[in-house]
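[1] any chance you can model this:
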Amino acid sequence: MNINNPIYIIIKGVFLLSPFLVAQVFELFILPIDYFTFRVWEAAFSPYDRFPGRFYPNLNIYKEKEFGDRYRIGGDYKQYKPVQWQTDSYGWRNSPEVSNKHAYDIVTLGDSNIVGSFMDQNDTLAEVISRKGQVNAYNYSIGYDHIQYYFSDKRMTEKSTKLVVIESKVGNWLWTGDYLKNFSQTEDDSLAIVDRKPDFMNNFNKQKQDSELKNIILSSRLKKQPLYNRIRSELLIDTAEPSTKLGNIKVGIGLDFQPYVIDKVVYDGQSQKVWPISLYGKNHVKGSGATVSFKVSLPTDAASTQVTFDARVTTAPSKNDVWIIREDGVRDILTQISLSPNWNTYQIELPHGVSGTVRIEIQNSNSWQYFGLRNAKAHFLRSNNSPEIILPFGSYIKNGERNDKCSQYPIFKPTNLRPIEPLTNLDPQESNFYFYQAVKAVKKQTDDRGQDLIFFLMPDPKSFVLAPSVRRLRCEGVKIISYEDNSIYKWGVDEEWYWNHADSHWREQAVNLTADEILRMWRNNEVANRPFNPQISSAYSQSRK
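    Numbers count the residues shown, from 1 in each chain. Predicted structure coming up:
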């Protein structure tokens, strides 16, 4: 047969592609949905569609060997355990018997910790609360946008919920692209929860037919390509585009960028000057703990320094820590950024008073997907502007004295407060102001519904940043779980006790402690959790129940 014959070429092409087509058929229609994933999370997560939850509905998966997201580090990080996963017909991680209840006593909202990443169904916070408190608790968790969806969900308003628990980390409030996306800004800079009721009316209130739902899930799984990503991960293939003007590449560990300086340019058309430092190329690394970092040499007369860069992950959204390492080797976390499979631009303000050469480091949080960075720039702003004048917020002055029972815990509104749109990083005063406003907006909603509220801040090395607003809110009667630095524990808790070793999420014993704190504060009407201590560690280490 003539090789130039189109039929011959088509037949050869079919033979060439047939192994891939057969593999795709096996993946979608024959093999278990989690067959090619290290965790059920990657198999269950729906990055392209909502139901309104972000997991495929009606799943019941038992995975005998689930690995943590630090799997790629190897050694004793390569741990696994059996895990059961169930989702309800709305795409939230609940068993059918829970989702079918006519009323929920407690609803938990939060990130992957509250969903229960690397946890059995029975060990999720909602399940533990239900068991310990003999109540009906519902898991309405997936990440930063769960607040706006919960308060717009008509189904949830009909469940006679008594208590809403909302979890976050301090890092979620250090820039406007995370939990603040749940809120809109009013003229006086207070916040209101974004109304997503049209989404429910147009997309979620109409019950989908089984055939339509199956087609949506198949389409989503096809786009995710777990087999392809598993092969690429096992072979440690880097699909990044070639980069230029980069040095000191540490293969398999991270990329150490060497920046260079460009000529002075005018900043915002004013007389102040900015020195940009640019990095080019798209670069990806893999493995939990793998890092991308770059150095910034700060001029002695820099009034402020802002770092911008583009970043992404290849498969599913994740949260990644950004660190600053000073010349003396001291490390401090700057913020936490939320990454998605799309390239997004992030801006980070470096702390005032930092001088010399520092290193900015972004850590990959997942062993099973790639993390990429490009177009990093550092802007040094030289200015002789006087310090900002700060005005008090949340109190008023009468006859020269502040007439406010909580005046000892003032919240300040910066005069140059940056709006929540467009995306920007926030300094501590702005973060406190917005966190206070956000909790007040949620509290107003729960009060209007006759519900109680507990806000839960995960232990964090920067818990001190939001301490002023936490004290103020507690003074106003808002129940908040927050672990602050103390003489024994830097994070307010024993880190090794609280967090998993093989995974970047909390342990079952921390879930049990939190469940007890929630039930105790709710029933006793207390505004603060018990401080963590060695006795608590010992008690909860002996038994998870």
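[2] what ranges do the helices span in the stretch 351-500 of the chain?
    Secondary structure of the stretch 351-500 of the chain (DSSP state H, counting those that start in this stretch): helices at 428-448, 467-475, 495-498.
[3] what's in contact with the helix or strand just after the last one?
    Right, the one you point to is helix 495-498. Sequence order places helix 508-524 as the next helix or strand after helix 495-498, per DSSP states H and E. By CB atoms under 8 Å, 6 or more residues apart in numbering, the residues outside helix 508-524 that reach it are 106, 119, 123-125, 128-129, 132-133, 163, 165, 452, 454, 456, 479, 481, 493, 497-499, 526-530, 536, 540-541, 544-545. The C-beta positions use only the backbone N, C-alpha and C, and glycine is treated the same way.
[4] what's the closest of the helices of the stretch 351-500 of the chain to Glu27?
    helix 495-498 (37.1 Å; CB to CB).
[5] buried residues of that closest one, list them for me.
    Trp497, Tyr498 (16 or more other CB atoms under 10 Å).
[6] how about it as CSV, C-alpha atoms only?
    Coordinates of each C-alpha in helix 495-498 appear next as CSV, following Å, rounded to 0.1, in the frame of the first residue of the first chain:
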residue,chain,number,x,y,z
GLU,A,495,3.1,21.5,66.1
GLU,A,496,4.2,17.9,66.0
TRP,A,497,1.2,16.8,67.9
TYR,A,498,-1.3,18.9,65.9
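[7] helices and strands around it, which ones?
    helix 508-524 (3 or more CB pairs under 8 Å, 6 or more residues apart in numbering; DSSP states H and E).
[8] to Val115, which of the helices of the stretch 351-500 of the chain lies closest?
    Minimum separation from Val115 across the helices of the stretch 351-500 of the chain (CB to CB) falls at helix 495-498, 17.4 Å.
[9] which residues are contacting that closest one?
    With CB under 8 Å, 6+ apart as the criterion, helix 495-498 contacts Pro459, Tyr489, Trp491, Trp506, Arg507, Gln509, Ala510, Ser537, Ser541.
[10] can you tell me, leaving aside adjacent residues, what's nearest to Ser95?
    Gln86 (4.6 Å; CB to CB, 6 or more residues apart in numbering).
[11] circling back to that earlier point, narrow the contacts of helix 508-524 to those in helices?
    The members of the contacts of helix 508-524 that map onto helices under DSSP state H are Leu125, Val128, Ile129, Lys132, Gly133, Trp497, Tyr498, Ile536, Tyr540, Ser541.
[12] just the buried residues of the contacts of helix 495-498.
    The buried subset of the contacts of helix 495-498 (16+ other CB under 10 Å) comprises Pro459, Tyr489, Trp491, Trp506, Arg507, Gln509, Ala510, Ser537.
[13] just give me the closest of those to Gly91.
    Trp506 (22.9 Å).
[14] and the residue nearest to the closest one when sequence neighbours are not counted, what helix or strand is that in?
    Once flanking residues are discounted, Trp506 sits nearest to Asn113: 5.3 Å by CB to CB, 6+ apart. According to DSSP H and E, Asn113 maps onto helix 112-115.
[15] could you flag which of the ones in helices among the contacts of helix 508-524 are buried?
    Leu125, Val128, Ile129, Gly133, Trp497, Tyr498, Ile536, Tyr540.
[16] which residue ranges of the stretch 301-450 of the chain form strands?
    304-313, 318-325, 331-339, 344-349, 356-363, 370-381, 390-393, 397-398, 401-402, 411-414 (DSSP state E, counting those that start in this stretch).
[17] tell me which residues in stretch 98-114 are buried?
    Buried, per 16+ other CB under 10 Å, within stretch 98-114: 98-99, 104-114.
[18] what sits against Phe204?
    Contacts of Phe204 (CB under 8 Å, 6+ apart): Arg50, Phe51, Pro52, Tyr90, Asp153.
[19] just those residues now: which is nearest Gly356?
    Out of those, the member with the shortest distance to Gly356 (by CB to CB) is Arg50, at 46.7 Å.
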